[in-house]
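Participant: Next come a sequence and a model predicted from it.
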Amino acid sequence: MKRLILALALAIAAPAAAVLPDEMLPDAAQEQRARMISKDLRCVVCQNQSIDDSDAPLARDLRVLVREQIRLGKTDAEVRDYVVARYGNFVLLKPPVEGDTLLLWAGPFAVLLLGGVAMILWQRRRPAATPDSAPLTDAERAELDRLAGPAD
C-alpha cells in the first residue's frame, strides 16, 4: 500500500519536477503567475517543451528571468514581451501569426494541399488497369486446367 501511495505521489508531482525549489517565489500568487507564463514559453533547447517542463539549463535561466521580472512588478504581458524581445517569437509555444511566422502556421496546410494535388495528378496520369479482353486460346485453357489440377 505504501508503494502505491508513493507511486501516485510521484506521478502527480512529475509535471512539476523541472521547477526547482530554489527558483520558486515565496509569494504563492506570484509563483502561480510565473507558472502560467512559463507554460506558454518554449525551451529553445528542447523546442517542444515549455520552460516549466524542461530540465535544460537554459530553461532554468528563463524561469529565473520570468520570476525576476515578476518580482520587479511587471505584468504578465510585460514579462512575455521582455522575453520575446530577447529571444524572438520562437520562444512562444503559440507564436502570433505574423510575416515571419506565417510559414510556421501555413506550412503544414501547404504540405497537405501539395500532397493532395500530387496524388490527384499521379492518379490521373497513371494508366487505368484494364483486364485483358482477349479470350484464352484452347492451348492456354488446357495449360490452365493442367496447372489447376483435378477439380474435387
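Facilitator: Ah, there it is. Numbers count the residues shown, from 1 in each chain.

Participant: rest of the way, CA atoms for contacts and neighbours
Facilitator: Will do.

Participant: Helix or strand next in line after the helix or strand where residue 110 lies, which one?
Facilitator: In this structure, residue 110 is located in helix 102-125 according to DSSP states H and E. Where DSSP H and E defines the elements, the next helix or strand beyond helix 102-125 is helix 138-148.

Participant: just checking, what packs against that following helix?
Facilitator: Contacting helix 138-148 under the criterion 3 or more Cα pairs under 8 Å, 6 or more residues apart in numbering; DSSP states H and E is no other helix or strand.

Participant: Spatially, which residue comes closest to the residue sitting nearest the centre point of the chain, not counting chain neighbours?
Facilitator: Note on the chain: the residue nearest the mean C-alpha position is residue 48, at 6.4 Å, using Cα atoms, centre = their mean. Distance criterion Cα to Cα, 6 or more residues apart in numbering; nearest residue to residue 48, sequence neighbours excluded, is residue 42 at 6.8 Å.

Participant: remind me which residues of this structure are low pLDDT?
Facilitator: Residues of the chain that meet the criterion pLDDT under 70 lie in 1-17, 128-132, 151-152.

Participant: Can you give the domain ranges for it?
Facilitator: 2-91, 98-124 (automatic domain parsing).

Participant: which residues does the residue nearest to residue 48 form a beta bridge with?
Facilitator: Taking DSSP bridges, one finds residue 50 as the beta-bridge partners of residue 42.

Participant: how close does it sit to residue 49?
Facilitator: Distance of residue 42 to residue 49, computed by Cα to Cα, to the nearest Å: 6 Å.

Participant: One more: residue 137?
Facilitator: Where residue 49 is concerned, residue 137 sits at a distance of 69 Å (Cα to Cα).

Participant: So for these two, which residue has more residues nearby?
Facilitator: residue 49 (18 against 9; other Cα atoms under 10 Å).

Participant: who are the neighbours in contact with that one?
Facilitator: For residue 49, the residues meeting the contact criterion (Cα atoms under 8 Å, 6 or more residues apart in numbering) are 42-43.
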